[in-house]
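Asks: Model the structure of this input:
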Amino acid sequence: MIPGGMTTRHPAVAVVALMASVVAACQGSAPSPAGASRTAAATSQGGGPTRSPTTAATPSAGALGPTTGPGGCSIAAPSSALSGLTLLACYSVSGTVNASGGFIDTDQGAGALSCADWAEHGGQAPGSPSEALQAPDPGDAQVTVDGEDLGFDLAIVPYSGPGSYPSTTVAESVSLGSSLSWSNNNTTGATFSAQVNSDGSGSVTVTDLNNDSSNGTKENASESWVCVMEPAA
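Replies: Below you'll find the model as predicted:
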């Protein structure tokens, strides 16, 4: 009877065991998708790129929109991407002509290797006996006042690197269009001062420039700038 009993009991045990396995599998597997779903949701909400802390990139002159210059002036966005040494300048003129604003000059120091290099050598070869540093010129940026081109010819000569300069040995001038200009020629009352920093930023001021047509009018001008170096286009 034992062999027979074993034969009759084994199928029942096997069926019960199989059913238990199925129930256990169903009960154990059901939470898994929900748990996986919750884990994925947490990763998406807590670790997604929109939640990750970011550091703002340093503004690049090559990608500037309208911006504010070092003297608080407004500078219009450049019409195309910039490259190389770039000066962001604020200017002011007063006297016969009164105006102020901002501009971008990419002509001065165009051959310099860096802003520091330009500040050190004025864009010329080191050791040059006639080293000079030319301040930003609104004429390079086609700045106009009352429809006339505004131009500065303000240079530090001789130039020997970053520092303060209470005088210069060359003519300094401001012009408006082709018929108006003021300079320190034929006058002893005009003043000049400039400051250039090791990072290429700086400022220059001239006062009491005489009208070159001897009409008795005078003009003052000042500007300040910062230097940025843009990657080659």
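Asks: Quickly list the domain ranges of the protein.
Replies: By the assignment in automatic domain parsing, the chain contains the domains 2-45, 64-230.
Asks: Now mean pLDDT and mean neighbour count too, for these, in CSV please.
Replies: Heads up, the C-betas are built off the backbone N, CA and C, glycines and all. Below are those laid out as CSV (pLDDT from 0 to 100; neighbours: other C-beta atoms under 10 Å):
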stretch, mean pLDDT, mean neighbour count
domain 2-45, 39, 10
domain 64-230, 91, 18
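Asks: just checking, residue 121 touches residue 132?
Replies: No - Residue 121 is beyond contact range of residue 132, at 10.0 Å (criterion: C-beta atoms under 8 Å).
Asks: if I look at the nearest residue to residue 154 once chain neighbours are set aside, how far off is residue 146?
Replies: Among residues not flanking residue 154 along the chain, residue 135 sits closest, at 4.2 Å (C-beta to C-beta, 6 or more residues apart in numbering). From residue 135 across to residue 146, the span is 23 Å (C-beta to C-beta, to the nearest Å).
Asks: got any residues that touch both of residue 121 and residue 132?
Replies: Shared contacts of residue 121 and residue 132 (C-beta atoms under 8 Å, 6 or more residues apart in numbering): none.
Asks: what about the strands in the chain?
Replies: Listed in chain order, the strands of the chain (DSSP state E) span 67-68, 74-75, 84-95, 99-105, 133-134, 144-145, 148-153, 155-156, 163-165, 173-176, 180-183, 191-196, 202-211, 218-230.
Asks: Neighbouring strands - and their directions - for the last one?
Replies: Paired strands of strand 218-230, with direction, are strand 84-95 (antiparallel), strand 202-211 (antiparallel) (DSSP bridges).
Asks: Just tell me which of those ends up closest to residue 108.
Replies: Nearest to residue 108, of all these, is strand 84-95, at 6.0 Å by C-beta to C-beta.
Asks: export the strands paired with strand 218-230 to a markdown table and tack on distance to residue 78?
Replies: As requested, the strands paired with strand 218-230 are exported to a markdown table (distance: least, C-beta to C-beta, whole Å):
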| stretch | distance to residue 78 |
| --- | --- |
| strand 84-95 | 9 |
| strand 202-211 | 21 |
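Asks: Compare these and give me the one nearest residue 74.
Replies: Nearest of the strands paired with strand 218-230 (C-beta to C-beta): strand 84-95, 9.0 Å.
Asks: between that closest one and strand 99-105, what angle do the directions make?
Replies: Following axes from the mean of the first three to the mean of the last three C-alpha atoms, to 10 degrees, one obtains 170 degrees for the angle between strand 84-95 and strand 99-105.
Asks: how far off strand 148-153 does strand 84-95 point, in degrees?
Replies: 110 degrees.
Asks: right, and residue 136 touches residue 86 too?
Replies: No - under the criterion of C-beta under 8 Å, residue 136 is not in contact with residue 86, lying 10.1 Å apart.
Asks: Pull up the overlap in contacts between the two.
Replies: residue 105.
Asks: Run through the bridge partners of residue 202.
Replies: residue 196, residue 225.
Asks: again with the one 5 residues further on
Replies: When bridges are assigned using DSSP bridges, the partners listed for residue 207 are residue 191.
Asks: contacting residues around it?
Replies: By C-beta under 8 Å, 6+ apart, the residues touching residue 207 are 190, 191, 220.
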